[in-house]
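Participant: A structural model of the following input is requested.
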Amino acid sequence: MIKDEMFNNSMSKNKLNPVRAGFQRRKARLTAVTIALAFLVLVLCLGMLYMGNTRYSLKEVIRVLLGEQIKGATFAIGTLRLPRMLSGLLAGMAFGMAGNTFQTMLRNPLASPDIIGVTSGSSLAAVFCIIVMKVSGNLVSLAAVITGLAVAFLVYMLSKRGSFSGGRLILIGIGIQAMLNAAISFLLLRANQYDVPAALRWLSGSLNGMQMKAVPGLLLAVLFFGCLLVLLGRQLKILELGEPSAITLGLRTERIRLVMVLSAVFLIAYATAVTGPIAFVAFLAGPIAGRLIGAGSANVLPAGLTGAAMVLLADLTGQFAFDIRFPVGIITGILGAPYLLYLLIRMNKTGGAA
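Facilitator: Next comes the predicted model:
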C-alpha cells in the first residue's frame, strides 16, 4: 500500500515537472525580453536627447538632466528635446498597452483602437476645436479625451445588445470610424485655408513643438491606467480563452472587461490628445511583443515598451534619415500599412482566423 502511494506520488511529480519547466522557461523568456526592450527604449531616449542640429556629449546631456545650466545645451535639451522624448515615450507606451489590451481581449488582431473608431473620435474633436472653435492647447486635449471615451462607450453598448460579441464590436467600430473620418474630411474641406495646416499637422501624429506642460498629465494617465492593465494581465489572458472558459474559471467577465476597456480607451484618448493619432502603433505593438515573448505570457508591459520603441525610433528616422523631416505618424504609417495588408490576406486565406 505504501509502495503504491509512493509510486503514484512519483508519477505525479514526473507529470508536473515538464509543466513547471515550461512555466519557468516562459517566465525567463518574458523577463529577458522585457529587460531587453527596456534597454532599447533607454538607448533610444538617450538618442533623442543627443541627436539634433547641435550634438552634445552624453556627459553634457546628463549634466543638463541633473539641473546644471550649460549655455545652449540647457535650452536645446531641456526645453526642446526632453519634452519631445518624454511625450514620445509615454504616448508610445499608452498606444502599445491599449492596443494589446483590445486585441487580446477580443481575440482579434484587427481589434485595435486605430481600426474601431476610438482614435478617429478623438481626432474629430481636435479638428473641430482647431478649425471651428479656433482654440488650442488644453481645450483640444480635453475635447479629444471626452469624445474618445464617448465613441468607445457607443461602440461598446451597440456591440453588447443581447450578448457581447467581439466580432460585432469590430464591425460596428469600423463603420463608426468610416463615419468619423468622413466628418473630419468634411471639416477640412470647409475650413479656412490658414487653419488646415495646423489640423493636418495634428492629424498626421507629430511630436513637433511638444512642451513640458503636456507631460505630467500623460505621465499620470500612463502610470495609473497602464499599471492597472499590467496588474490585470493574468485576467486578460483568461479572457483570451473565450467567454465560457473565463466564466468557468470564476472570472467576472463583465466587470473585468469594463475596467480594461475604460483603461485602454482613456490611454488611447489622452495619448491622441497630446501627440495626435500616431498611426499603427497600437496596431503593431501587441503582435510584435507577442512574437518576442511567445505564447502563454501576459504581454501588456512588453507591448507598452514596444510601442515606446516604435515611436522613438520612428521619430528619429523621420528627423534625421531623410533630407525632409517627416512627422512620426508618417513613418509608423509606412511601416504599418503593409502589415495590415498582410494580415487581411492571411485572414482571408485561413477563413477569418487571426
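Participant: Is Arg55 part of a helix or strand, or is it coil?
Facilitator: Here Arg55 is coil, with the state taken from DSSP: H, G, I helix; E, B strand; the rest coil.
Participant: Just give the number of residues close to it.
Facilitator: 10 (other Cβ atoms under 10 Å). Bear in mind the C-beta positions are built from the backbone N, C-alpha and C, glycine included.
Participant: ok, which stretches of the stretch 1-150 of the chain are helices?
Facilitator: Remark: helices assigned in the stretch 1-150 of the chain by DSSP state H, counting those that start in this stretch are 2-50, 58-65, 73, 82-105, 118-131, 138-159.
Participant: what's the closest of those to Leu312?
Facilitator: Evaluated over the helices of the stretch 1-150 of the chain, closeness to Leu312 peaks at helix 2-50, with 3.9 Å, by Cβ to Cβ.
Participant: how about the helices of the stretch 1-150 of the chain, which one is nearest Arg291?
Facilitator: helix 2-50 (9.9 Å).
Participant: related to what we said a few turns ago, mind putting the helices of the stretch 1-150 of the chain into CSV with distance to Ile174 and mean neighbour count?
Facilitator: Listed next are these as CSV, based on distance: least, Cβ to Cβ, whole Å; neighbours: other Cβ atoms under 10 Å:
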stretch, distance to Ile174, mean neighbour count
helix 2-50, 30, 13
helix 58-65, 44, 15
helix 73, 48, 18
helix 82-105, 13, 28
helix 118-131, 10, 26
helix 138-159, 10, 20
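Participant: Can you tell me which of the ones you listed is nearest to Met210?
Facilitator: Going by Cβ to Cβ, the one of the helices of the stretch 1-150 of the chain nearest Met210 is helix 82-105, 4.4 Å.
Participant: The closest one packs against which elements?
Facilitator: helix 2-50, helix 215-221, helix 227-231, helix 233-239, helix 253-275, helix 281-293, helix 300-320 (3 or more Cβ pairs under 8 Å, 6 or more residues apart in numbering; DSSP states H and E).
Participant: avg pLDDT for the shortest one?
Facilitator: For helix 227-231, mean pLDDT rounds to 90.
Participant: Show residues contacting it.
Facilitator: 97-98, 101, 236, 259-260, 263-264, 267, 300-301 (Cβ atoms under 8 Å, 6 or more residues apart in numbering).
Participant: How many neighbouring residues does Glu240 have?
Facilitator: Counted by other Cβ under 10 Å, the residues lying close to Glu240 total 15.
Participant: for the residue lying closest to Ile146 once chain neighbours are set aside, what are its contacts?
Facilitator: Closest residue to Ile146 apart from its sequence neighbours, by Cβ to Cβ, 6 or more residues apart in numbering: Ala125 at 7.1 Å. By Cβ under 8 Å, 6+ apart, Ala125 lies in contact with 140, 143-144, 146-148.
Participant: re the thing from before, compare the helices of the stretch 1-150 of the chain and give me the one nearest Arg168.
Facilitator: It's helix 138-159; of those, that one is closest to Arg168 (Cβ to Cβ) at 4.5 Å.
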